[in-house]
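S.K.: sharing a model prediction with you, sequence too.
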Amino acid sequence: MLRITFLISGILASINFYFTESIIVQILSIICLLISLGISVFWPDPLPPPPAPDLWSEAPESKERDMKLCSNCGKAVDQKWSMCPYCSKKV
Ligand SMILES: [Zn+2]
């Protein structure tokens, strides 16, 4: 957003340069044009905000549930279950 603002001010300065008659305004327009275009080109984009620290703490917990594979159909079944929900055989 900041870069766009500087880019717009650079474009305005170049327009100003083309339409003005006086030398001082031309010089000022060139300086303004160079500064604003330079900033708009070289200004670094702001870094994205870091992810919340508790964002990742929840996901592994659900994955660390004890799972075992059904001996009949081979699908992952919760460790506490004694019956496979897919093939209803004893695991
Ligand atoms: Zn099964």
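M.R.: It's in.
S.K.: and K89, how far from the ion?
M.R.: 5 Å (C-beta to the ion, to the nearest Å). Where you see a C-beta, it was placed from the backbone N, CA and C, and this is true even at glycine.
S.K.: could you number the chain from 650 rather than 1 from now on?
M.R.: Understood, numbering begins at 650; the last thing we discussed is K738.
S.K.: wait, that residue sits on S731?
M.R.: No - with contact defined as C-beta atoms under 8 Å, K738 does not reach S731; the gap is 10.3 Å.
S.K.: of these two, who's got more company?
M.R.: Applying other C-beta atoms under 10 Å to K738 and S731 shows that K738 carries more neighbours, namely 11 against 7.
S.K.: wait, what's in contact with the nearest residue to that one once chain neighbours are set aside?
M.R.: Nearest residue to K738, sequence neighbours excluded (C-beta to C-beta, 6 or more residues apart in numbering): N721, at 4.2 Å. By C-beta atoms under 8 Å, 6 or more residues apart in numbering, N721 lies in contact with 733, 736, 738, 740.
S.K.: rerun at 7 Å
M.R.: 733, 736, 738 (C-beta atoms under 7 Å, 6 or more residues apart in numbering).
S.K.: surely the first one and V726 touch.
M.R.: Meaning C733. Yes - with contact defined as C-beta atoms under 7 Å, C733 reaches V726; the gap is 5.4 Å.
S.K.: shared neighbours of these two, anything?
M.R.: Residues touching both C733 and V726 (C-beta under 7 Å, 6+ apart): 719, 740.
S.K.: quick check: residues of this structure near the ion?
M.R.: Within the chain, the positions adjacent to the ion are 719, 721-722, 733, 735-736 by C-beta under 5 Å from the ion.
S.K.: okay, and which of those residues map to strands?
M.R.: Among the residues of the chain next to the ion, none falls in strands (DSSP state E).
S.K.: of all those residues, which comes closest to F691?
M.R.: Among the residues of the chain next to the ion, Y735 lies closest to F691 (C-beta to C-beta), at 59.2 Å.
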